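[1] sequence and computational prediction follow.
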Amino acid sequence: MRCEVDDRIAWRNAGTQIIHSIGLVRGVDAFTESPLAGPCAGAIATFDAPGGGTGGYQGTIGSDLNPEGAVAGYYTDANNANHGVLRTPGGAIITFNVPGAGTGSGQGTFGTTVDPAEIVIGTYIDASTVSHGLLRTP
């Protein structure tokens with residue numbers, strides 16, 4: 001995998017999104033489908049949320065990276081239900097579910113964005129497959 005950042009230009013390479021001009025990588029490894037986050041100059045840290053499924057289209061997805069290194073996302077379990085996940089800069093994995101989120105296939109909680117204070121914005125889908133917004137505070 002190449003790792004390049006050209007000012008604030010975002011591009012994709014091998015399934016990985018290079019977004020932040022601060023030199024951090026975020027995205028999904030195209031071969032293992034494991035989320036990754038780390039500095040361009042060195043190591044890539046992968047992580048899997050506990051409870052993530054191991055079948056096709058299951059597991060952990062990193063959606064956003066804040067400047068401090070926290071990653072917001074979600075994981076899909078063995079029943080294809082989704083759950084929010086936050087990986088802290090220190091590597092702790094925090095999972096969360098919105099009360100009222102559905103537990104059926106394709107339903108559940110999705111973390112999509114994380115700010116510097118680790119506030120997560122996202123979506124949840126209820127048992128009637130209706131989408132709703134969410135704001136998770138630490």
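    Nice, I can see it. Residues are numbered from 1 along each chain as shown.
[2] report the rounded mean pLDDT for the host helix or strand of G111.
    G111 is part of strand 108-114, with elements assigned from DSSP states H and E. Average pLDDT, strand 108-114: 97.
[3] elements contacting the helix or strand following that strand?
    With elements assigned by DSSP H and E, the helix or strand that comes after strand 108-114 is strand 120-125. Under the contact criterion of 3 or more C-beta pairs under 8 Å, 6 or more residues apart in numbering; DSSP states H and E, strand 120-125 touches strand 71-76, strand 82-87, strand 108-114, strand 131-136. Every C-beta, even on glycine, is put in place using the N, C-alpha and C of the backbone.
[4] so can I have a markdown table of these showing mean neighbour count and distance to A49?
    Formatted as a markdown table, those follow (neighbours: other C-beta atoms under 10 Å; distance: least, C-beta to C-beta, whole Å):
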| stretch | mean neighbour count | distance to A49 |
| --- | --- | --- |
| strand 71-76 | 26 | 4 |
| strand 82-87 | 26 | 4 |
| strand 108-114 | 23 | 10 |
| strand 131-136 | 13 | 15 |
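[5] picking that back up, how big is the angle separating the strand holding G111 from strand 82-87?
    Counting by axes from the mean of the first three to the mean of the last three C-alpha atoms, to 10 degrees, strand 108-114 points 30 degrees away from the direction of strand 82-87.
[6] strand 108-114 packs against which elements?
    Strand 108-114 packs on strand 59-65, strand 71-76, strand 82-87, strand 120-125, going by 3+ C-beta pairs under 8 Å, 6+ apart.
[7] redo those strands as a markdown table? Include mean pLDDT.
    Shown next, in a markdown table, are these (pLDDT from 0 to 100):
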| stretch | mean pLDDT |
| --- | --- |
| strand 59-65 | 94 |
| strand 71-76 | 96 |
| strand 82-87 | 97 |
| strand 120-125 | 98 |
